[in-house]
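Chemist: Any chance you can model this:
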Amino acid sequence: MTLFIEQLINGLQLGTMLFLMASGLTLIFGVMGLINLAHGSFYMVGAYATALVSAATGSFLIGLAAGITAAAAVGALVELIVIRRLYHRPHLDQVLATFALILIFSEGTRWLFGSSPLWLNAPAALSGSIALPGGSRYPIYRLVIIAVGIMVAVGMYILISRTRLGMRIRAGESDREMIGALGVNIARLYTLVFAMGAALAGLAGAMVGALQSVQVGMGQPVLILAFVVIVIGGIGSIKGALYGAILVGVVDTLGRVFLPLFFRQFMTSSEAAGVGSALAAMLIYILMALILAFKPKGLFAAHD
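Modeler: As a prediction, this is how the structure comes out:
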């Protein structure tokens, strides 16, 4: 039971991190209709900026603010220079252009900072652990990541449903020509939304950077999971991104731990590890296929 509780919390932590990535990704697609493969690069930018500034200042919070700001600024710059030219182009052009951005960001980061990973330490105040039922202990910092994800989800809900900016974003999803005719600056709105999405990805990278090494290409595996999340949750739906992220995080984490243990009941340890690990790697894609078989648009429609 202790192992289950611990891994369930790990799944929630992975899910909240995926929500930070997926919410920005689905917001960009819902408002702009843009397939942005470069979203993982903003995750990497946030992690690198946080690690560098934290090392220079000795403050994780200053580094975190710098990571979010850097990701938002880079996102706005990319939108102004590249993305703005892609809105009325076919999705294939968007995929090719944003894939090129992945290569530019990766090689540019390698050229600036080298191939060696950077290390980011969590703040000392959050380096302890708390007791779980059963006697094991769980790191406080991972619980903080869950809390940050929850606060962002609440903030996104309030922003989208209760503010004038949210009203414009929702209107931009439904009828961008009409709100343009009513005097809303569509170009400025798009830049703002893209920067917001990049900032959320940067926040995810900054928070997770303290749990793993900060290195070139770290955003690509997370981007794949984020796409799975928004397909499961419903493309364009923030609510769907939250539910989908939690579902993917928990299923993936529990599968990787408990499937090898299950197969060990009737296989040798080496066979169980191989079969369990292989099936666990496919589990979220099987889940996605099952959900789409019954709900082709995902769990929630874009405007839920």
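
Chemist: Return the list of helices and strands in contact with the helix or strand Glu271 falls within.
Modeler: For Glu271, the host element (DSSP states H and E) is helix 269-294. In terms of contacts (3 or more Cβ pairs under 8 Å, 6 or more residues apart in numbering; DSSP states H and E), helix 269-294 is packed against helix 219-233, helix 238-263. To be clear about C-beta, it is placed using only N, CA and C from the backbone, and glycine gets the same treatment.

Chemist: In this protein, where's the longest helix?
Modeler: Determined from DSSP state H, the single longest helix within the chain is helix 2-32.

Chemist: now it: how far from the chain's centre is it?
Modeler: Centre-to-centre, helix 2-32 and its host chain are 7 Å apart (Cα atoms, centre = their mean, to the nearest Å).

Chemist: Next SSE downstream of that helix?
Modeler: With DSSP H and E, the next secondary element past helix 2-32 is helix 39-57.

Chemist: in that following helix, what's buried?
Modeler: 39-54 (16 or more other Cβ atoms under 10 Å).

Chemist: farthest pair in the residues you listed?
Modeler: His39 and Ser54 (23.1 Å; Cβ to Cβ).

Chemist: looking at it, Gly205 is touching Leu223, isn't it?
Modeler: No: in this structure, Gly205 is not within contact of Leu223 by Cβ atoms under 8 Å, at 11.1 Å.

Chemist: host element of Ala206?
Modeler: helix 186-208.

Chemist: Ok, Gly134 next?
Modeler: Assigned by DSSP H and E, Gly134 belongs to neither a helix nor a strand.

Chemist: from memory it sits against Phe4, does it?
Modeler: No: applying Cβ under 8 Å as the test, Gly134 and Phe4 come out as separate, 9.5 Å apart.
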